[in-house]
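S.K.: Coordinates for the following, if possible.
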Amino acid sequence: NINAENRSRLMLKVGNMLLRVIDAELQRKDKIKALEPFFDGKEYQLGPHLPTLRRLSRCAIECFSACRSLPSSSNLQIGSSHSGRSKWDIFVQLELLGGGILEKVEEDNQDSAGNSVSGNSVELMALFLRAEMDSIKTKADAETLINHVKVFVSAVVGLADPLVPWSVRHSAAVAAGFCGMLVCDARTGLKECEQREIASKLQSQQLDLCMVVLKLVQDNDEDVRSAAIKALSSFLLSGFHYDTQNFQAIASVGNFEVSTVPLDALERLYDSVRNKHEKIKLIQRLLKMLVDHSQSMEEDLKLTTEEYNFSENIPSLRSILNLATTRKIFEEEDPNPFEESLVIAQLAVSMLVSSGQKLEDCGLCQDYMCTILSRCKHFIGLFKKRLTNSDDGLLLTDLAHDITWCNQVFSSMHGVILGSIGAIYLGGNDEQNVVKGAKSLMLLFSACSKNVDSMLTVHPCIFKALEVLSNAKQGCHKTYTDLLTCCFLLPGVHSNKNVGSVL
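M.R.: Take a look at the predicted model:
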């Protein structure tokens, strides 16, 4: 019988042998005489064989992950390469061959981004990082680790894209679990002050990784969601900032049916991540999420209004038959129909206003809030223009042409309005008079509702959000509670409206 220690040593030897073979395969420059006529005498090299690299790297992953699971294997020692190259360089080259790091892939080859080789490479990177974090002895080791972590997180972000194959996204989620979500082992050889320094540098990258894994929790594939929940739940349980209720909720998250992710569970995950990180850094990420969420809003509104213009105020439907519009005959399929973008926007807004953080002195936050307010101003101006007929001052009352009911733009519109309320509440600079614009729009709604010949057709959720925006004030508790009421998709915020921080 082979004891655990010997099994661990055997697994390490096999895994390191496989990495040396991978290194040799990466440097292969074969020439086949039978193929020379096809190249007209030009120089050619076949290079590494990707299927071989895929199989070898998968075998190496199985060896190292099995080794870590053994009780006697407290530290994973990955040996050096026979060519003198570092193992990290091998993993990065595998990632490039797989097309996973888009920034380093040629523009005409981006369609190949994210195959199985790139997925395997990030899993190997994660195992390597875990070994590095468990064996930091000097400050130089810590600096090398930080550089490696930046490359790793960038790779995971690229592979989490819903357009890459599900198996590669699964590798990204598994890799996050392999590296322990970048939680550094406190048992290092560094001084206490140096440990605090490396923890501070790791926190920013750790937050980026957390946000990616939260995205994978809502992936379209069940296996990816399961791996993401497993990685995130173990990470959250490693902290010290949770009450009994949150601890029990996170501890049981791994038992949830991942065919659907309960909103309450998703809320608790986001809330726990909020408690885990420095407020100002988290707020920056949340504001960026809201900016990204509404990135295409103005273009979508333009296309929607252009299409509506073809069928508004026409004498008969026959006059618009076979009329060319900008709508595509075949709409592009949503790469991740499982993800609810409006849920993410409402989660981001609820976390923002619950932070109680003043943002007057944060330049990056002010820039993000300015972008959100600018987009909200654009929407309000467009909506007012469509509501009022410039010729006779009548109000348009056609439900079929009310842009607030268009499913292509509703999510981004609602997210922008809520983001603007949050920005005003947190001290965003309303130089564009968005609150004033919302008040004038509400007066227009009021005039429409009093006109017996008109009908107010605005979507009730948009109406309520605009009403809250028209009365929004910095640090106002009513603004805070009304904003959370507008987060109609989140079951938990309504029971916690009175416990949030008030500026």
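S.K.: Now Ile372: which helix or strand?
M.R.: Per DSSP states H and E: Ile372 is located in helix 363-387.
S.K.: Give me the contacts around that helix.
M.R.: Residues from elsewhere that reach helix 363-387, judged by Cβ atoms under 8 Å, 6 or more residues apart in numbering: 280, 283-284, 287-288, 290-291, 294, 297-298, 301, 305, 359-360, 395-396, 403-404, 413, 416-417, 419-420, 423, 426, 428-434, 437-438, 440-441, 444, 448, 466, 469. Any C-beta I mention is one placed from the backbone N, CA and C, and that applies to glycine too.
S.K.: same thing but at 7 Å, please
M.R.: With Cβ atoms under 7 Å, 6 or more residues apart in numbering as the test, helix 363-387 has contacts from 283-284, 287-288, 290-291, 294, 297-298, 301, 359, 395-396, 403, 413, 416-417, 419-420, 423, 428-430, 432, 434, 437-438, 441, 444.
S.K.: what is the mean pLDDT for it?
M.R.: Helix 363-387 shows a mean pLDDT of 89.
S.K.: Please identify the buried residues of that helix?
M.R.: By neighbour count on 16 or more other Cβ atoms under 10 Å, the buried set for helix 363-387 is 365-366, 368-373, 375-380, 382-383, 386-387.
S.K.: just stretch 266-282 next, same as before
M.R.: Leu266, Glu267, Arg268, Leu269, Tyr270, Asp271, Ser272, Val273, Arg274, Lys276, His277, Leu282.
S.K.: roughly how far is it from the heart of the chain?
M.R.: Put simply, stretch 266-282 sits 14 Å off its chain's centre (Cα atoms, centre = their mean, to the nearest Å).
S.K.: what's the answer for stretch 20-29, then?
M.R.: From the chain centre to the centre of stretch 20-29 is a distance of 35 Å (Cα atoms, centre = their mean).
S.K.: which of the residues in that stretch are buried?
M.R.: Judged by neighbour count (16+ other Cβ under 10 Å), stretch 20-29 contains these buried residues: Arg20, Val21, Ile22, Asp23, Glu25, Leu26.
S.K.: of these, closest to Phe64?
M.R.: Taking Cβ to Cβ as the measure, Phe64 lies nearest Ile22 of the buried residues of stretch 20-29, at 12.5 Å.
S.K.: Point me to the helix or strand that includes that closest one.
M.R.: Assigning secondary structure by DSSP H and E places Ile22 in helix 4-26.
S.K.: What average pLDDT does that helix get?
M.R.: Averaging pLDDT along helix 4-26 yields 87.
S.K.: can you check stretch 335-342 too?
M.R.: 75.
S.K.: Any idea how far it is from the middle of the chain?
M.R.: Offset of stretch 335-342 from its chain centre (Cα atoms, centre = their mean): 12 Å.
S.K.: just stretch 480-487 next, same as before
M.R.: Once both centres are worked out by Cα atoms, centre = their mean, stretch 480-487 turns out to sit 24 Å from its chain's centre.
S.K.: in that stretch, what counts as buried?
M.R.: Neighbour counts using 16+ other Cβ under 10 Å place Tyr480, Thr481, Asp482, Leu483, Leu484, Cys486, Cys487 of stretch 480-487 among the buried residues.
S.K.: ok, and the fifth one, which helix or strand is that part of?
M.R.: For Leu484, the host element (DSSP H and E) is helix 477-486.
S.K.: elements contacting that helix?
M.R.: The contact analysis (3 or more Cβ pairs under 7 Å, 6 or more residues apart in numbering; DSSP states H and E) places helix 477-486 against helix 341-354, helix 410-425, helix 460-470.
S.K.: among the ones you listed, which is the most enclosed?
M.R.: helix 410-425 (a mean of 27; mean count of other Cβ atoms under 10 Å).
S.K.: By average pLDDT, which secondary structure element in this structure comes out worst?
M.R.: helix 244-251 (a mean of 44; mean pLDDT, DSSP states H and E).
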